[in-house]
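# Sequence plus the predicted model coming up.
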Amino acid sequence: MERLFSYGTLQLESVQLETFGRKLVGEKDALIGYILSEVKITDETVIKVSGMNIHPILKYTGISSDVVEGAVFELSDLELVQADEYEVDEYARVEGEFTSGKAAWIYACAKDKTNING
């Protein structure tokens, strides 16, 4: 199983059902070294599924006191691919560091070259 952190629309039941065909059960966690910003979505399918054209997006700061609250979900390999397909080009999947000490994938700003911790 893969672990995926959600801080935005993937926490919405409607998005989970449309993307994965099931409601996900997650555990609360907090991502270290990021802040939330916003991105305008132009993909009509994503807008239809989420009901919004403005989505949250992670920006890397590297500052340990910057934390983003969210939930970590366990996904199959196929579901992780489905999550990749849901996320638009503005997002890149990278590994994040969490207050729990556990590892998980995150979707962060693809334009931010400092996304990768280190």
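The structure has been received and is ready for your questions. Residues are numbered from 1 along each chain as shown.
# Report the helix or strand with the lowest average pLDDT across this protein.
helix 44-50 (a mean of 84; mean pLDDT, DSSP states H and E).
# That helix: what's the following helix or strand?
Toward the C-terminus, helix 44-50 is succeeded by strand 54-60 as the next helix or strand (DSSP states H and E).
# what packs against that following strand?
strand 34-40, strand 103-109 (3 or more CB pairs under 8 Å, 6 or more residues apart in numbering; DSSP states H and E). (Each C-beta comes from the backbone N, C-alpha and C, glycine too.)
# what angle do the first one and strand 54-60 make?
It refers to strand 34-40. 140 degrees (axes from the mean of the first three to the mean of the last three CA atoms, to 10 degrees).
# can you pull the buried residues of strand 34-40?
Tyr34, Val39 (16 or more other CB atoms under 10 Å).
# Give me the helices and strands touching that strand, please.
strand 54-60, strand 67-75, strand 103-109.
# Identify, out of these, the most deeply packed stretch.
strand 103-109 (a mean of 21; mean count of other CB atoms under 10 Å).
# now it: mean pLDDT?
Averaging pLDDT along strand 103-109 yields 94.
# Skipping its backbone neighbours, what lies nearest Arg22 in space?
Once flanking residues are discounted, Arg22 sits nearest to Gln16: 6.8 Å by CB to CB, 6 or more residues apart in numbering.
# now the one you found, what's its secondary structure?
What DSSP: H, G, I helix; E, B strand; the rest coil gives for Gln16 is helix.
# With Asp84 instead?
helix.
# how many other residues sit next to it?
Asp84 is flanked by 13 other residues according to other CB atoms under 10 Å.
# One more: the one 4 residues further on?
Neighbours of Val88 under the rule other CB under 10 Å: 17.
# a markdown table for the helices and strands packed on strand 54-60, including distance to Val68?
Listed next are those as a markdown table, based on distance: least, CB to CB, whole Å:
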| stretch | distance to Val68 |
| --- | --- |
| strand 34-40 | 5 |
| strand 103-109 | 9 |
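# is it true that Lys28 touches Ala71?
Yes. Lys28 sits in contact with Ala71 when judged by CB atoms under 8 Å, with a separation of 5.7 Å.
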